[in-house]
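1. Model the following, please.
(one chain, ligands or ions: 1)
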Amino acid sequence: MSHIRAVIKGVGGYVPEYILTNQELEKKVDTNDEWITSRTGIKERRILKGKDQGTSAMAVKAVQELLEKTNTNPEDIDFILCSTITPDYLCPVTSNLICDMVGAKNAFSFDLMAACSGFLFALSTGANFIESGRYKKGIIIGADKMSSIVNYEDRNTCILFGDGAGCALIEAEENSSYGIIDMAMRTDGSGLNYLNIRGGGSRLPPQEYKFDDKEIHKKFFIHQEGATVFKTAVTRMADISAFIMEKNNLKGEDIQWLVPHQANKRIIDATADRMGIGPEKVTLNIEKYGNTTNGTLPLCFWDFEKKFKKGDNIILAAFGGGFTWGSMYLKWAYDTK
Ligand code: COA
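-> Sure thing, here's the model as predicted:
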């Protein structure tokens, strides 16, 4: 039986120039390089500076690089999906702005929010559009300006996050043995208390807060109960990845790369261990970017593209606020010189 597969044809990325080091954070909060490195694996993160610069500023640069690298005419793009929890505005959505800025005049676009699992959920959504046969080419973006929602007085969170954007071009290929093969996604809204940004939505709208109320002001920043999120992330990311591997008859030795969400090196190590995948097969860039939320998976593609080989079996694994989590199995479709 003939089938259409969504195949990744290229990737793009962008991280801002400004580097926020652990040493600089030592001057802001009661922390130290040794604690951050040993507990998280993070050494530095990038921060988007400049007035009136939102998530789209980084995403546009990533998409422009992708269009150039793949020699793609933006007018041939059917859709652009942007996963982000830090949109430029609530309306219009960030992907609409990106379409306009890159000249994707014939595309429809929308944003998708699933916290740190957002890129995996968006890539799955885009793959299903392609597999339907209605659309031929789409761009999936994961981008966040986490510095806009991080409280730099809270040592529990400010050491973890950074800014960045990545993207992938997916195209329809008939009867291909490459591309996105399988995915599984889950959510559990009872995770609300452990990872959230409560302010700004319809439960705490702007007309109900006063900026001089410190407790309310805090609700506009990311809040996390790290230990609970850590434990839940380890089990759920590993369980769902093991499920995808079993469903597709894959053992650790059949996998060339694990591309995990970059929240904490210890979570990544535990997931890889559970899947029977050695550390040499795990994409890791958390030490230089921190957790860029929606940016982590596509920035791993961007950094490791040259190492991926045509035909490599790749497992993506993500976990984030919500809670949301998921895994995807894909076969890489090209070599990079
Ligand atoms: N510097 C120094 N000490 C710190 C610190 C910092 N930046 N942040 C917290 N601490 C302290 C705590 O106050 C606590 O002190 P206490 O024992 O005196 O109360 C101690 O270190 C241990 O805190 P704890 O939260 O138990 O540390 P941890 O080993 O769980 O590491 C995280 C904290 C945040 C790194 C870890 O929980 C984590 O990575 N969680 C999940 C992150 C994640 O996946 N988030 C997003 C999902 S996408």
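2. contacts, neighbours, all on C-alpha from now
-> Noted.
3. Point out the residues in the stretch 1-150 of the chain that sit beside the ligand.
-> Proximity of the stretch 1-150 of the chain to the ligand (CA under 6 Å from any ligand atom) is limited to residues 31-32, 35, 39-40, 116.
4. shaky segments in this structure?
-> 211 (pLDDT under 70).
5. Which parts of it belong to which domain?
-> 4-176, 180-191+222-331 (automatic domain parsing).
6. Farthest-apart pair in the residues of the stretch 1-150 of the chain next to the ligand, please.
-> Put simply, by CA to CA the two of those set farthest apart are 32 and 116, 25.5 Å from each other.
7. So those two - more neighbours on which side?
-> Neighbours were counted for residue 32 and for residue 116 using other CA atoms under 10 Å; residue 116 has more, 31 against 15.
8. can I assume that one sits in a helix?
-> Yes. Counting by DSSP: H, G, I helix; E, B strand; the rest coil, residue 116 is located in a helix.
9. In this structure it contacts residue 319, no?
-> Yes. If you go by CA atoms under 8 Å, residue 116 and residue 319 touch, sitting 5.9 Å apart.
10. any common contacting residues for the two?
-> residue 261 (CA atoms under 8 Å, 6 or more residues apart in numbering).
11. Check for me that residue 119 belongs to a strand.
-> No. Residue 119 is assigned helix when assessed by three-state DSSP, not a strand.
12. Give me the distance between it and residue 314.
-> Residue 119 sits 15 Å away from residue 314, going by CA to CA, to the nearest Å.
13. Same drill for the two, tell me which one is more crowded.
-> Using other CA under 10 Å as the criterion, residue 119 and residue 314 rank with residue 119 on top: 32 against 22.
14. Spell out which residues of the stretch 201-337 of the chain are next to the ligand.
-> Applying CA under 6 Å from any ligand atom, one finds that the stretch 201-337 of the chain approaches the ligand through 226-227, 229-230, 263-264, 319-321.
15. and of the residues you listed, the nearest to residue 103?
-> Nearest to residue 103 among these, with distances taken as CA to CA, is residue 320, at 31.7 Å.
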